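In: Here is the input, now give the coordinates:
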Amino acid sequence: MIEAQGLTKRYGSKTAVDGMTFTVQPGKVTGFLGPNGAGKSTTMRMVVGLDRPTAGTVTVNGRRYAEHRAPLQEVGALLDAKAVHTGRTAQNHLLAMAATHGIGRRRVDEVIEMTGLGPVARKRVGGFSLGMGQRLGIASAMLGDPATLILDEPVNGLDPEGVLWVRNLVKYLAGQGRTVFLSSHLMSEMAVTADHVVVVGRGRLLADAPVQEIVGLAAGTTVRVRSPQASALEELLRRQGLAVTSTELGLLEVTGGTAPAIGDAAAAAGIALHELTPVHGSLEDAYLQLTADDVEFHADPSAAGRPALAAAGAPEPTLSSGATAPTTEGALR
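Out: Below you'll find the model as predicted:
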């Protein structure tokens, strides 16, 4: 179990983590979400004693990390997969770590096999791909067979098979009653992996709840309606105060009403329906709503390419008569 109470970290005038209080329970996969610069990595570093809190406390299994006599056997952490001596082989790196805790070679061989590192175990880490580096980082975290696992962006650089492997691994470990705390920017992956999520922004706690409860925060359910009389249906629904968007011929997306109510209204007006599908909010929708005011770094997609054009002295491209400029639904995050 990980318990943070009023956890705060300041670097000079900048507050990276601002009074966070949360608990990561065993037996669950807990996702740690937030925009870049939200304080996720700083929080994880404080959990494992790499940064000292300015205020507040954080404990793992009831003790501060530094108080554990055999920390590798209490907490396994992947915070920076590149923090490895590039001249060592993967096997020698793990053997050196194991020696610090009296862990036998058999366990080293087990984690090499578990993480699929066998074919490259005797190769120097400096030549590893990003994905193989991630696998070595996970092997290092698992070396002490810890009760608590902390993984910062564990699927970064992995191929689809590797992503599925990490997903199944963390679910298996949580099913054994271990504490699993992981961050990721892949909302689709977190939605199918995590049981619980902690969402932060600008160093502050924004949400701490089960995934389904967080998804329920996504404002409004959209109903997809397909009809051969879409124009008449759109007029009818607008008169009832519903928001209607026509996305293609014969297809409407309606917000502000329920599928049964829309179906009843169409039936009463004698309008045929070929589809009536509620489209619920996703974890990504809820996350974007929660963090909308806490994104520190915004980009303007429309500015892409302008500096290069200006430097070359070339005029900005203009649209020919009748052309329509492409639009972007939202700022890149």
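
In: Just grab the bridge partners of His196 for me.
Out: Beta-bridge partners for His196, by DSSP bridges, are Thr30, Pro210.

In: Isn't it up against Pro26?
Out: No: contact criterion Cβ atoms under 8 Å: His196 and Pro26 do not qualify, at 11.3 Å. In this view, the C-beta of every residue, glycine as well, is placed from N, C-alpha and C.

In: Specify which residue of those two has the higher count of neighbours.
Out: Higher neighbour count among His196 and Pro26: His196, with 22 against 16, using other Cβ atoms under 10 Å.

In: the helices in the stretch 51-200 of the chain, which residues?
Out: Listed from the start of the chain, the stretch 51-200 of the chain has helices (DSSP state H, counting those that start in this stretch) covering 90-99, 105-114, 130-142, 160-175, 187-193.

In: Please produce a markdown table containing the ones you listed, extended by mean neighbour count.
Out: Shown next, in a markdown table, are those (neighbours: other Cβ atoms under 10 Å):
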| stretch | mean neighbour count |
| --- | --- |
| helix 90-99 | 18 |
| helix 105-114 | 16 |
| helix 130-142 | 22 |
| helix 160-175 | 16 |
| helix 187-193 | 17 |
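
In: quick one, which of those helices is nearest to Thr222?
Out: When the helices of the stretch 51-200 of the chain are ranked by proximity to Thr222, the top entry is helix 187-193, at 17.4 Å, counting by Cβ to Cβ.

In: hmm, who's touching the closest one?
Out: Outside helix 187-193, the residues within contact range by Cβ atoms under 8 Å, 6 or more residues apart in numbering are 29, 31, 33, 155, 163, 167, 170-171, 182, 184, 197, 211, 215, 282-284, 287.

In: buried subset of the residues you listed?
Out: By the neighbour-count criterion of 16 or more other Cβ atoms under 10 Å, the contacts of helix 187-193 include these buried positions: 29, 31, 33, 155, 163, 167, 170-171, 182, 184, 197, 211, 215, 283, 287.

In: Tell me the one of those residues nearest Leu252?
Out: Nearest member of the buried ones among the contacts of helix 187-193 to Leu252, counting by Cβ to Cβ, is Val215, at 23.7 Å.

In: That closest one against Ser282, yeah?
Out: Yes: with contact taken as Cβ under 8 Å, Val215 and Ser282 are classed as touching, separated by 6.6 Å.

In: mind showing which ranges of the stretch 201-333 of the chain have poor pLDDT?
Out: Within the stretch 201-333 of the chain, the ranges that satisfy pLDDT under 70 run 218-220, 294-333.

In: Which parts of it are helices?
Out: Along the stretch 201-333 of the chain, the stretches classed as helices by DSSP H, counting those that start in this stretch are 211-215, 230-239, 259-268, 283-290, 306-312.

In: Can you tell me which of those helices is most buried?
Out: With neighbours defined by mean count of other Cβ atoms under 10 Å, none of the helices of the stretch 201-333 of the chain is more surrounded on average than helix 283-290, at a mean of 20.

In: of the helices of the stretch 201-333 of the chain, which approaches Gly131 most closely?
Out: Evaluated over the helices of the stretch 201-333 of the chain, closeness to Gly131 peaks at helix 283-290, with 23.9 Å, by Cβ to Cβ.

In: From the chain's centroid, how far away is that closest one?
Out: 11 Å (Cα atoms, centre = their mean, to the nearest Å).

In: just checking, what packs against it?
Out: The elements that helix 283-290 packs onto, with contact taken as 3 or more Cβ pairs under 8 Å, 6 or more residues apart in numbering; DSSP states H and E, are helix 187-193, strand 196-201, helix 211-215.

In: I'd like these laid out as a markdown table, including distance to Thr247.
Out: Output for these, formatted as a markdown table (distance: least, Cβ to Cβ, whole Å):
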| stretch | distance to Thr247 |
| --- | --- |
| helix 187-193 | 21 |
| strand 196-201 | 30 |
| helix 211-215 | 23 |
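
In: of all those, which lies closest to Met142?
Out: Evaluated over the helices and strands packed on helix 283-290, closeness to Met142 peaks at helix 187-193, with 17.0 Å, by Cβ to Cβ.
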